[in-house]
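In: Here is the input, now give the coordinates:
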Amino acid sequence: MPRGDKSSYTDKQKRKAEHIEQGYEERGVSEKEAERRAWATVNKESGGGNKSGSGRGKKDNHASSRKGGHIGGSSQSHEKRSAAARKGWETRRKRASS
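Out: The predicted structure follows:
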């Protein structure tokens, strides 16, 4: 099997790669780079080509497609957020008591 051969991938993996590739192209990534990134994502999620059939193989890990910026919320870590909340609470308490 030559390098780059996609015959060992399932139809679902091929569809997923095509969909991911279209998303990259819509964001202005070149066709070749979009295809490379799409297959890299499919490989990362499913561990490469899978043999088709019910109950075969391992479940996909979707961590790679969930990466990226967090929409909404704070950029502070939990510890910093807690400290900032505590400081705000102490300031409000001091103002209320004076």
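In: Can I get stretch 90-98 in PDB, CA atoms only?
Out: Extracted as PDB, the C-alpha positions of stretch 90-98 are listed here (Å, rounded to 0.1, in the frame of the first residue of the first chain):
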ATOM      1  CA  GLU A  90     -13.500  41.200  51.200                       C
ATOM      2  CA  THR A  91     -13.600  44.700  49.600                       C
ATOM      3  CA  ARG A  92     -17.400  44.700  49.600                       C
ATOM      4  CA  ARG A  93     -17.500  43.500  53.300                       C
ATOM      5  CA  LYS A  94     -15.100  46.300  54.400                       C
ATOM      6  CA  ARG A  95     -17.200  49.000  52.600                       C
ATOM      7  CA  ALA A  96     -20.400  47.700  54.200                       C
ATOM      8  CA  SER A  97     -18.900  47.700  57.700                       C
ATOM      9  CA  SER A  98     -17.600  51.300  57.500                       C
END
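In: quick one: average pLDDT of it?
Out: The predicted model assigns stretch 90-98 a mean pLDDT of 72.
In: And the strand or helix carrying Q22, what does it pack against?
Out: If you go by DSSP states H and E, Q22 is part of helix 11-26. Helices and strands touching helix 11-26, by 3 or more CB pairs under 8 Å, 6 or more residues apart in numbering; DSSP states H and E, are helix 31-46. For the C-beta atoms, the positions are set from N, CA and C on the backbone; glycine is no exception.
In: before we move on, back to that, show residues contacting the helix holding Q22.
Out: Helix 11-26 is contacted from outside by 6, 9, 31, 33-35, 37-39, 41-42, 45-46, 49-50, 52, 65, using CB atoms under 8 Å, 6 or more residues apart in numbering.
In: redo that, cut-off 6 Å
Out: 34-35, 37-39, 41-42 (CB atoms under 6 Å, 6 or more residues apart in numbering).
In: Could you check the angle it makes with helix 31-46?
Out: 140 degrees (axes from the mean of the first three to the mean of the last three CA atoms, to 10 degrees).
In: All set, thanks.
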